[in-house]
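> Make a model of this:
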Amino acid sequence: MLTRRLLPALLAAPALRPAAAQAATRLSLIHLNDFHSRHESIAPSAAACRLGDACRGGSARIATAVAEAREAARADGRASLLLDAGDTFLGSLFFTEHEGLAEAAVQKAWGVQAFTLGNHEFDLGPEKLARYLAAVPFPVLSANLDATAEPVLAGKILPTLAFRRENMRVVVVGLTTPETPILSAPGRNLRFTDPLEALNRAVWEARREGPATVVALSHLGLSADRRLAAEVAGVDVILGGHSHTLVAPPVVVDGQDRPVLIVQAQAYGRYLDRFDLDIAADGKIAASAQHMRELTANIAEDPAVAAIVAQFAAPLETLRRRVVGRLADALPNDACGTAPCPLGEKVAEAMRRGMDAEIGWQNGGGLRAGLPAGEVTMGDVLTVLPFGNTVARLRLRGATLRAALENGLSRLPARSGRFPQTAGLGFTFDAARPAGQRVTGAEVREGDGSWKPLDPERAYVVATNDFLRRGGDGYAMFQEAALEARDDGPLLEDLVSRSLGS
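So this is what the prediction gives:
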């Protein structure tokens with residue numbers, strides 16, 4: 001049986017004019033998604049911001065943008081809601097060190113009013129999620145999560161939340177990807193149900209009490225959101241997450257009984273969206289206007305939130321000095337852009353083993369420094385791998401892998417960031433041949449340690465970084481030709497640091 005909470009005071013707005021004085025009440029949905037612990041400013045690539053980069057995002061800049069969005073809504077006579085569509089966890093040392101408490105502190109400072117659980121909120125298991133829930137003052141939602149069998153979470157996660165002010169009732173429905181047990185570590189006691197069925201039930205419950213505007217706060221991804229919009233009657237707006245998609249202008253889907261508006265604000269705190277709605281007496285959307293804002297360096301950082309970030313950043317220097325392993329010999333990166341190198345194989349092998357794949361694949365240009373002989377610290381690893389990449393696991397046919405090798409060799413004899421550093425896949429090449437015809441042989445290591453020629457028709461399991469998975473360095477085939485893929489793997493530096501200690 002679904003429960004809900006009416007919070008008449010939570011709408012941050014001036015008093016709305018009576019319904020008789022206007023054709024529609026006015027609301028601004030301010031939202032973000034997939035923050036992924038990017039508390040400090042990021043470069044355009046989403047890597048940590050360095051001197052000379054065009055920095056953007058960061059918790060303190062988000063706070064300023066939220067305050068300005070709220071003020072713009074107030075000046076326009078609109079109520080406002082700040083909603084977060086999940087995956088605030090994972091992606092930087094702030095999460096590694098503080099396990100969700102840094103995220104709780106900045107969300108509280110931003111004034112989040114409802115938060116939907118993403119899959120990464122379960123990465124450290126139910127106990128750490130319960131600690132996060134105890135640290136936040138706002139409701140946390142997931143209508144398709146059954147937590148009744150998990151003692152530390154039972155009763156702490158709501159399916160829906162109703163906000164009411166005068167004649168306007170907005171019902172927010174939280175939805176979490178049902179793939180969470182595959183993508184994360186929620187434990188054995190949680191059950192993730194069909195989000196379509198959960199949304200249908202929530203809409204029925206919402207409408208039973210009279211006119212309402214139904215907002216799905218979804219951590220399902222854009223394709224799943226499109227399906228919900230087309231198949232579930234009674235939904236007005238979907239604020240999405242999970243697929244890291246910039247949806248601006250809104251996607252409009254012809255739903256069962258009304259047009260459904262879908263928006264999403266990419267990821268990593270790079271964008272904040274203010275979605276203005278004029279709401280008719282029956283709860284339907286009479287008009288809308290989107291204000292998607294990229295949080296560039298010209299936006300001042302909020303001093304109070306900057307101080308919170310600085311407090312949580314203080315112990316990270318100790319983490320950076322932590323010894324994670326030892327190496328008998330130094331592993332330089334000098335040749336990694338023109339030939340297979342031991343450092344590249346080390347990183348690729350860490351991905352291969354960490355993701356239980358047959359092949360690991362790293363681009364030479366992603367290795368920004370070498371590793372020293374002797375003690376290796378986390379700071380050394382982060383110097384080699386400064387981009388905050390996560391690891392993807394995908395299935396590719398042998399013919400696609402051969403094409404990927406050709407892409408990686410295409411810039412020779414010049415040094416190139418795309419040069420393939422692999423584990424479990426050996427290859428020979430002739431740089432004097434025309435680009436696209438340089439691979440002279442390729443073999444894959446079998447489970448028994450033997451090597452067999454790359455089979456064009458066989459599908460192989462490959463682990464690679466998320467930059468290549470998105471088609472970076474010319475590897476479009478990793479994005480377009482994957483037979484299946486998991487894009488929510490761990491941080492690359494974590495896998496490498498673990499491999500150094502094993």
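> Outline the domain layout of this protein.
Domain segmentation of the chain under automatic domain parsing yields 26-313, 323-501.
> Buried deepest among these, which one?
domain 26-313 (a mean of 21; mean count of other CB atoms under 10 Å). Quick note: C-beta positions are derived from backbone N, CA and C, even for glycine.
> And the contacts of stretch 282-291?
23-24, 69, 72, 169, 211-214, 236-237, 248-250, 258-259, 261, 263, 273-280 (CB atoms under 8 Å, 6 or more residues apart in numbering).
> what's the offset of that stretch from the middle of its chain?
27 Å (CA atoms, centre = their mean, to the nearest Å).
> Ignoring the adjacent residues along the chain, who's closest to M477?
In this structure, M477 finds its nearest non-sequential neighbour in T400, 5.1 Å apart by CB to CB, 6 or more residues apart in numbering.
> right, I mislabeled it, should have said D455
With sequence-adjacent residues excluded and distances taken as CB to CB, 6+ apart, D455 is closest to G398, at 4.7 Å.
> ok now do that neighbour, which residues does it touch?
Contacts for G398 (CB under 8 Å, 6+ apart) come out as 444, 454-458, 460.
> how about a cut-off of 7 Å?
Contacts for G398 (CB atoms under 7 Å, 6 or more residues apart in numbering) come out as 454-458, 460.
> Quick check: of those, which lies closest to G374?
Ranked by distance to G374 (CB to CB), the contacts of G398 are led by Y460 at 35.8 Å.
> ok, and the helix or strand in this protein with the lowest average confidence?
Ranked by mean pLDDT, DSSP states H and E, the helix or strand of the chain with the weakest confidence is helix 180-183, at a mean of 80.
> tell me what that one is packed against?
Applying 3 or more CB pairs under 7 Å, 6 or more residues apart in numbering; DSSP states H and E, we find helix 180-183 packed against no helix or strand.
> helix or strand right after that helix?
Once the chain leaves helix 180-183, the next helix or strand it forms, by DSSP states H and E, is strand 191-192.
> which is the next helix or strand following that following strand?
helix 195-208.
> Pairing partners for the next helix or strand after that next one, with directions?
Later in the chain than helix 195-208, the nearest helix or strand by DSSP H and E is strand 213-219. Sheet pairing here is set by DSSP bridges, and for strand 213-219 it gives strand 168-176 (parallel), strand 237-239 (parallel).
> a markdown table please, covering the ones you listed and showing distance to A154.
Shown next, in a markdown table, are the strands paired with strand 213-219 (distance: least, CB to CB, whole Å):
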| stretch | distance to A154 |
| --- | --- |
| strand 168-176 | 16 |
| strand 237-239 | 27 |
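> where do the strands sit along the stretch 51-200 of the chain?
Remark: strands assigned in the stretch 51-200 of the chain by DSSP state E, counting those that start in this stretch are 79-84, 114-116, 140-141, 145-146, 160-165, 168-176, 191-192.
> Between those, which has the poorest mean confidence score?
Of all the strands of the stretch 51-200 of the chain, the minimum mean pLDDT falls on strand 160-165 (a mean of 93).
> that older thread, chain center to the least confident helix or strand of the chain, what's the gap?
Helix 180-183 sits 14 Å away from the centroid of its parent chain (CA atoms, centre = their mean).
> where are the low-confidence patches of the chain?
1-23, 45-52 (pLDDT under 70).
> By residue count, tell me the biggest helix in it.
If you go by DSSP state H, the chain has its longest helix at helix 59-75.
> what packs against that one?
strand 25-32, strand 79-84, helix 101-110, strand 271-279, helix 303-313.
> nearest to Q437, of the ones you listed?
Shortest distance between Q437 and the helices and strands packed on helix 59-75, using CB to CB, is found for strand 271-279: 42.3 Å.
> the inter-axis angle of the next helix or strand after the closest one versus strand 271-279?
Following strand 271-279 in sequence order, the next helix or strand is strand 285-294 (DSSP H and E). Angle, strand 285-294 to strand 271-279, by axes from the mean of the first three to the mean of the last three CA atoms, to 10 degrees: 170 degrees.
> For strand 285-294, which strands pair with it and how are they oriented?
Partners of strand 285-294 in the sheet, by DSSP bridges, are strand 271-279 (antiparallel).
> re the thing from before, helix/strand/coil for the residue nearest to M477?
helix (DSSP: H, G, I helix; E, B strand; the rest coil).
> these two touch, right, it and A481?
Yes: with contact defined as CB atoms under 7 Å, T400 counts as touching A481 (4.6 Å).
> helix, strand or coil for F478?
F478 ends up helix, using three-state DSSP.
> quick one: it and A392, what's the gap?
8 Å (CB to CB, to the nearest Å).
> anything in contact with each of these two?
Going by CB under 7 Å, 6+ apart, residues that sit against F478 and also against A392 are 464, 469.
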